[in-house]
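need a structure here:
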Amino acid sequence: MTENVLKLDEKDREILTLLSEDPEIPQEQIADIINLSQPSVAMRIKKLRDAGIFHKVYGVNPLKMGLNVAKVEVTTTNSTKVLEIFQNCPYFLNGFTVSGQSNVLLMLIGEDIATLQSIVECHLGQLEEVKNIEFNIIISAAKELIIPYQMKIKILDRPFCGLEINCGKCKSYQEKRCLGCPMMSDYKGKIW
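Numbering: from 1, shown residues only. The predicted structure follows:
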């Protein structure tokens with residue numbers, strides 16, 4: 001695995017640091033700061049992009065938008081299935097296979113905590129492969145939390161997750177504890 005890892009030198013690290021501090025910094029300014037020519041800086045940035053190390057991504061700060069971010073730790077016998085189910089869910093930020101007591105970590109985003117809890121209880125908790133779930137809400141972030149996020153969702157006849165769940169028949173939705181799936185016409189939230 002380490003043989004395919006791109007070796008970064010001091011100039012690469014300086015370029016990455018400058019770009020992380022200011023994604024709009026001109027290459028000419030980077031060149032002046034690190035004492036390289038602009039074409040050399042351009043080639044290094046291209047090399048970093050081509051290797052998948054550097055990405056220019058625009059995103060939102062969910063905490064400043066009043067959104068809730070949940071960290072969900074899952075113990076499951078099938079981590080691949082859990083991650084695949086949530087892969088295209090609008091509430092899903094990212095998922096990880098992890099070591100430790102739990103073997104999957106999901107990051108979810110939503111307008112209210114009750115909807116996030118309903119997703120965890122009614123969707124994730126109903127999977128026979130799931131043995132344990134720990135649900136936590138992120139209260140604050142030490143650094144600014146910027147996430148790439150799609151705010152415009154296409155309405156579908158059935159959810160991307162593949163779970164045969166009808167919001168109108170869901171107890172959480174009927175009891176107004178869940179806003180519904182943003183991909184379905186039953187969605188009652190305002191973000192998507």
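
ok, which stretches of the protein are strands?
For the chain, the strands defined by DSSP state E occupy 68-76, 92-97, 104-110, 130-137.

where are the low-confidence patches of this structure?
Scanning the chain for pLDDT under 70 picks out 1-4, 151, 156-165.

the strands of the chain: which one's closest to residue 191?
Among those, the nearest to residue 191 by C-beta to C-beta is strand 104-110 (8.3 Å). C-beta coordinates here come from the backbone N, C-alpha and C atoms, glycine included.

tell me what the closest one is packed against?
strand 68-76, helix 79-86, strand 92-97 (3 or more C-beta pairs under 8 Å, 6 or more residues apart in numbering; DSSP states H and E).

quick one: contacts for the residue nearest to the spatial centre of the chain?
With distances taken as C-alpha atoms, centre = their mean, residue 93 lies nearest the centre of the chain, 2.4 Å away. Contact analysis of residue 93 by C-beta atoms under 8 Å, 6 or more residues apart in numbering lists 69, 107-109, 147, 149.

of the residues you listed, closest to residue 21?
residue 147 (18.3 Å).

for that closest one, which residues make a bridge with it?
Taking DSSP bridges as the rule, residue 147 bridges to residue 60.

so what touches stretch 18-25?
So stretch 18-25 is contacted by 30, 33-34, 45, 54, 56 (C-beta under 8 Å, 6+ apart).

where do the helices sit along this protein?
10-21, 27-34, 38-50, 79-86, 113-118, 171-174 (DSSP state H).

would you list these in JSON lines and tack on distance to residue 129?
As requested, these are exported to JSON lines (distance: least, C-beta to C-beta, whole Å):
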{"stretch": "helix 10-21", "distance to residue 129": "38"}
{"stretch": "helix 27-34", "distance to residue 129": "48"}
{"stretch": "helix 38-50", "distance to residue 129": "37"}
{"stretch": "helix 79-86", "distance to residue 129": "6"}
{"stretch": "helix 113-118", "distance to residue 129": "20"}
{"stretch": "helix 171-174", "distance to residue 129": "21"}
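
okay if I get those as a markdown table plus distance to residue 186 and mean neighbour count?
Compiled in a markdown table, the helices of the chain are given as follows (distance: least, C-beta to C-beta, whole Å; neighbours: other C-beta atoms under 10 Å):
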| stretch | distance to residue 186 | mean neighbour count |
| --- | --- | --- |
| helix 10-21 | 40 | 14 |
| helix 27-34 | 48 | 16 |
| helix 38-50 | 41 | 15 |
| helix 79-86 | 19 | 18 |
| helix 113-118 | 12 | 19 |
| helix 171-174 | 7 | 16 |
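
looking at the strands of the chain, which is buried most?
Of those, the one with the most neighbours on average (mean count of other C-beta atoms under 10 Å) is strand 104-110, at a mean of 22.
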